[in-house]
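Visitor: Got a predicted model here, sequence first, then my questions.
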Amino acid sequence: MREAHIKESALRRLKSAGRFAARERMWTDVKAATGKSIWDGIAIGRLRWFQKREVQAQSISGLTPEEELERFEQARARAQAQLRSLHESAVGEVGEDNAAIFEIHQMMLEDLDYLESIENIIRTQEVNAEFAVATTADNFAEMFAAMDDAYMQGRAADVKDVSERVLDILMIAKYLERIGDHAVNIAQWVEYSLTGQHSED
């Protein structure tokens, strides 16, 4: 009986030690993540890690500087419309203070220095709008990050974020245009295979 009691006591100690080791491993495996807070509350749930992709902008353009500037203005207008909509939605969900980030992004898209940099790069280097936006974003982010003021340092991430929004719009528009061209080509090939003729249009 005493032997059984000793074995049971030993098993309890082993199980307790195992649970302690498991808890210790759990806490040593914890990783801390930092970022911008948009809500003061507490959330409990599964954490999903979003890895922001780097946009690689090519400089080659088959358009004139005026045409590239027009592409940029259209993308900028679309980005501003998106940000206005996001701001209106965020105000109702997280409050005016937390939604202010979308207003900051809108103001960046109206900043004269930012706009003049993009225009000058397009005109002087004869590159596409994507390259001019990406280059300006890098230059401005580097400038903000080098400042002593913590608030201005924080704008480095903002200028990258708003520029990436414009880049996404520019690239999506270009891809859709290419898809449209491919669709026309395919239709012409099908027509030729069926009739032996190409249409005038």
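Guide: Yep, that arrived. Numbering: from 1, shown residues only.
Visitor: Tell me where the model's unsure across this protein.
Guide: 1-41, 47-61, 173-201 (pLDDT under 70).
Visitor: what about 90?
Guide: 1-63, 87-104, 148-157, 171-201 (pLDDT under 90).
Visitor: What separation do you get for Glu68 and Thr136?
Guide: 13 Å (C-beta to C-beta, to the nearest Å). Using the backbone N, CA and C atoms, a C-beta is placed for each residue, glycine as well.
Visitor: brain fart, Ala77
Guide: Taking C-beta to C-beta, one finds Ala77 at 17 Å from Thr136.
Visitor: okay, those two: which has more neighbours?
Guide: Thr136 (22 against 12; other C-beta atoms under 10 Å).
Visitor: The more buried one touches Asn120, doesn't it?
Guide: No - if you go by C-beta atoms under 8 Å, Thr136 and Asn120 don't touch, sitting 9.2 Å apart.
Visitor: what helix or strand is the residue nearest to Ile121 when sequence neighbours are not counted on?
Guide: With sequence-adjacent residues excluded and distances taken as C-beta to C-beta, 6 or more residues apart in numbering, Ile121 is closest to Ala132, at 4.0 Å. According to DSSP states H and E, Ala132 maps onto helix 129-145.
Visitor: Return the residues in contact with Ala129.
Guide: Glu68, Leu69, Arg71, Phe72, Ala75, Ile118, Ile122, Leu170 (C-beta atoms under 8 Å, 6 or more residues apart in numbering).
Visitor: Could you tell me the end-to-end distance of stretch 88-103?
Guide: Distance between the boundary residues of stretch 88-103 (C-alpha to C-alpha, to the nearest Å) amounts to 10 Å.
Visitor: any idea how far Tyr151 is from Glu73?
Guide: Glu73 is 29 Å from Tyr151, by C-beta to C-beta.
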